[in-house]
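[1] Can you look at this prediction? I've put the sequence above it.
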Amino acid sequence: MKLLEIRNISKAFGGVLAVNRVSFNLNQGEVLGLIGPNGAGKSTLFNIITGIFKPDTGTIRFNKRDITGIAPYKICQSGIARTFQLVKPFSRLTLLENVMVGRAYGGQPARNIRQARMESAQILALTGLGNKRVRVAGMLSLVDRKRLEIARALATRPQLLLLDEMMAGLNPAELDDAIQLIKAIRDSGISLIVVEHVMKVIMGISDRVIVLKVGEKIADGTPHEVARDRQVIEAYLGEKPLC
Ligand SMILES: Nc1ncnc2c1ncn2[C@@H]1O[C@H](COP(=O)(O)OP(=O)(O)O)[C@@H](O)[C@H]1O
Ligand SMILES: [Mg+2]
């Protein structure tokens, strides 16, 4: 079943065409990898899907409903959550309080504070932060701040989770943990779009991969197909090899 339908989406900033007539579908239960060199338009596409930017052209349908241009909080309540490339926790709140904010708002908010606290503690345990829940978010290490960002997004009970470069700067052991976490999220029934530069990760977790280059979609297929695509290899020349 189609969960997300992106049709002909474009967005320009002044003279820069950041996203250029991009279309794709995401099926229920799928993990979609979104890759492309820096400046390809990946984060802009996330910002359009989550209502931060209005597209200049095109439509976005989620669960068959047109959500193009509606307010970010309404998109979150409809079941789409995201993380930010630059993580943005409430620095002075504890981890538990940060996640409780997500349980209080979002699509299916907790009925009361007690329930929000209990469910938030469960989400922190899932993301490997259970024993740090009373710490203040501003004091966390990079890897834990990224986990908290995912925990806060999960707290809104999404059907679709958009992850924007969650793995930049992680060491190999932390990368393996992050891959396991993404798989656990998928196994819980949440669909994902994952923007990532670490090709081992993208190729390992994605059912399908889409490649953007200066705003345009240049490839859409299985990880195997995309890694062998001539245009994709050319787009990455001078960058890291694909596998
Ligand atoms: N808020 C903005 N204002 C002006 N230009 C922007 C803005 N956001 C992104 N851009 C430009 O749009 C292009 C795509 O950026 P971005 O979506 O961040 O790429 P990616 O996430 O793939 O690295 C870049 O040229 C970038 O400079
Ligand atoms: Mg980006």
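    Noted; the coordinates are in hand. Ligands and ions are numbered 1, 2, ... in the order given.
[2] which stretch of helix or strand covers Ile70?
    Ile70 is part of no helix or strand, with elements assigned from DSSP states H and E.
[3] ok, the closest residue to it other than its chain neighbours - how many residues close by?
    Setting aside the residues directly before and after it, Ile70 is nearest to Gly51 in space (CB to CB, 6 or more residues apart in numbering), at 5.7 Å. Any C-beta I mention is one placed from the backbone N, CA and C, and that applies to glycine too. By the criterion of other CB atoms under 10 Å, Gly51 has 20 neighbours.
[4] ok, Gly51 touching Lys74?
    Yes. Look at Gly51 against Lys74 with CB atoms under 8 Å: they come within range, at 7.2 Å.
[5] joint contacts of the two?
    Common contact partners of Gly51 and Lys74 (CB atoms under 8 Å, 6 or more residues apart in numbering): Ile67.
[6] List the contacts of Leu181.
    Each residue near Leu181 by CB under 8 Å, 6+ apart is listed here: 126-128, 147, 150.
[7] Could you export those residues as CSV, including secondary structure and neighbour count?
    Listed next are these as CSV, based on DSSP: H, G, I helix; E, B strand; the rest coil; neighbours: other CB atoms under 10 Å:
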residue, secondary structure, neighbour count
Leu126, helix, 17
Thr127, coil, 24
Gly128, coil, 17
Arg147, helix, 25
Ile150, helix, 24
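[8] and which of the residues you listed is nearest ligand 1?
    Comparing the contacts of Leu181 against ligand 1 with CB to the nearest ligand atom places Ile150 closest, at 18.4 Å.
[9] With respect to Asp66, which of the contacts of Leu181 is nearest?
    Checking the contacts of Leu181 against Asp66 with CB to CB, the nearest one is Ile150 at 27.9 Å.
[10] what's near enough to touch that closest one?
    Residues near Ile150 by CB under 8 Å, 6+ apart: 83, 127, 161, 163, 166, 181, 185.
[11] at 10 Å what do you get?
    Ile150 sits next to 81, 83, 87, 123, 126-129, 161, 163, 166, 178, 181-182, 185 when contact means CB atoms under 10 Å, 6 or more residues apart in numbering.
[12] what's the answer for Asp229, then?
    Contact analysis of Asp229 by CB under 10 Å, 6+ apart lists 209, 211, 218-221, 235, 242.
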